[in-house]
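Visitor: A structural model of the following input is requested.
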Amino acid sequence: MTVQMALEDGLTIARRNLIKIKRVPDLLVFTTLSPIMFVLLFAYVFGSAISVPGTSYREFLIAGIFTQTVIFGATWTGLGMVEDIQKGIIDRFRSLPMAPSAVLTGRTSSDVLINVISLVVMSLTGLLVGWRIHSSFLEAVAGYALLLFFAYALSWVMAVVGLWIRTPEVFNNASFIVIFPLSFIANTFVETTNLPGPLKVIAEWNPVSAVTQAVRELFGNTNPAMTVPDAWPLQNPVIASLLWTFGLLIVFVPFAIRRYQKAVSR
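Guide: Residues are numbered from 1 along each chain as shown. This next block holds a predicted model:
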């Protein structure tokens, strides 16, 4: 089977996943409502109690919410894999003359579009609460592209988790156990310098912190008066984010393919 045929099969699976969202719009509605709630909650409830030197807390906050949103969006891949295996849809795919990798590539690709929609909604919400982009157009585009690239890599991680777990309920619990510490022990909502010793070190080397810091810099939401972290990933956030993203893809893409082959053969 040629690469072209594999890509065409992947696009077909991606189209099938997007049609599902069209038929069940509630899925996308509640996915976008959650980050909006976080913005309003932190901006208006906790924002008055949190001070960030050199900038407003709302501009500091939005990059963290963006990163958290695409992380949650990546869970669609794992949840979709669990549901397709449980309902026997994967067995139907096996009976068709299609590339085995199409299911994974189609699922992860469709989740990128879901994250694009979420980011559009989040950007409009951010503008309403006072967030602005202070950098150039190309830098802003690079910020959004970095978020989507990181989310795509995380989709492959979630695909592996989804192929290990057999029920959607267990997957939801397992993914939240991973995502909440990952997104909160970071610089998403507060500066890492305000965290106690061990948590500060974890936050500084957390890939979520690197991506969040990179997006803040690319959107121009930083200020010389802000505290400069000592950790290398936060001093070089764009490079660190790309290294983390490529590392996740190198490790989890072949891992997911092997897990998929085992999962569909049992």
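Visitor: show me the helices in the protein, by range?
Guide: Applying DSSP state H to the chain gives helices spanning 3-23, 26-41, 57-86, 89-94, 102-129, 137-164, 168-184, 197-204, 207-219, 232-235, 237-265.
Visitor: buried residues in the longest one?
Guide: Looking back up the chat, that one is helix 57-86. Buried residues in helix 57-86, counted by 16 or more other Cβ atoms under 10 Å: 57-85. The way it works is simple: take the backbone N, C-alpha and C, and place the C-beta from them, glycine included.
Visitor: now do the last one
Guide: Neighbour counts over helix 237-265 (16+ other Cβ under 10 Å) mark 237-238, 240-242, 244-245, 248-249, 252-253, 256-257, 259-260, 263-264 as buried.
Visitor: now Ser135: how far from Phe176?
Guide: For Ser135, the distance to Phe176 (Cβ to Cβ, to the nearest Å) stands at 33 Å.
Visitor: out of those two, which sits in the more crowded spot?
Guide: Ser135 (16 against 12; other Cβ atoms under 10 Å).
Visitor: let me see the contact set for the closest residue to the more buried one other than its chain neighbours.
Guide: Once flanking residues are discounted, Ser135 sits nearest to Gly220: 3.6 Å by Cβ to Cβ, 6 or more residues apart in numbering. Applying Cβ atoms under 8 Å, 6 or more residues apart in numbering to Gly220 gives the contacts 133-135, 139.
Visitor: got a quick PyMOL command for the buried subset of these?
Guide: In PyMOL syntax, the buried subset of these is picked out as below (16+ other Cβ under 10 Å):
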select buried, resi 133+135
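Visitor: I'd like the contacts of Gly220 written out as TSV, with distance to Val157 and pLDDT added.
Guide: Output for the contacts of Gly220, formatted as TSV (distance: Cβ to Cβ, whole Å; pLDDT from 0 to 100):
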residue	distance to Val157	pLDDT
Ile133	29	93
His134	32	92
Ser135	29	92
Glu139	27	96
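Visitor: what's the most distant pair in the contacts of Gly220?
Guide: Comparing all pairs in the contacts of Gly220 by Cβ to Cβ, the longest separation belongs to His134 and Glu139, at 9.5 Å.
Visitor: overlap in contacts, the two.
Guide: Counting by Cβ under 8 Å, 6+ apart, the common neighbours of His134 and Glu139 are 219-220.
Visitor: do you know the pLDDT at the closest residue to Val160 other than its chain neighbours?
Guide: In this structure, Val160 finds its nearest non-sequential neighbour in Ala256, 4.9 Å apart by Cβ to Cβ, 6+ apart. On pLDDT, Ala256 comes in at 89.
Visitor: before we move on, the earlier item: looking at the helices of the chain, which has the lowest confidence?
Guide: Note on the helices of the chain: helix 3-23 shows the lowest mean pLDDT, a mean of 61.
Visitor: find the nearest non-adjacent residue to Ile202, please.
Guide: Closest residue to Ile202 apart from its sequence neighbours, by Cβ to Cβ, 6+ apart: Ile185 at 5.4 Å.
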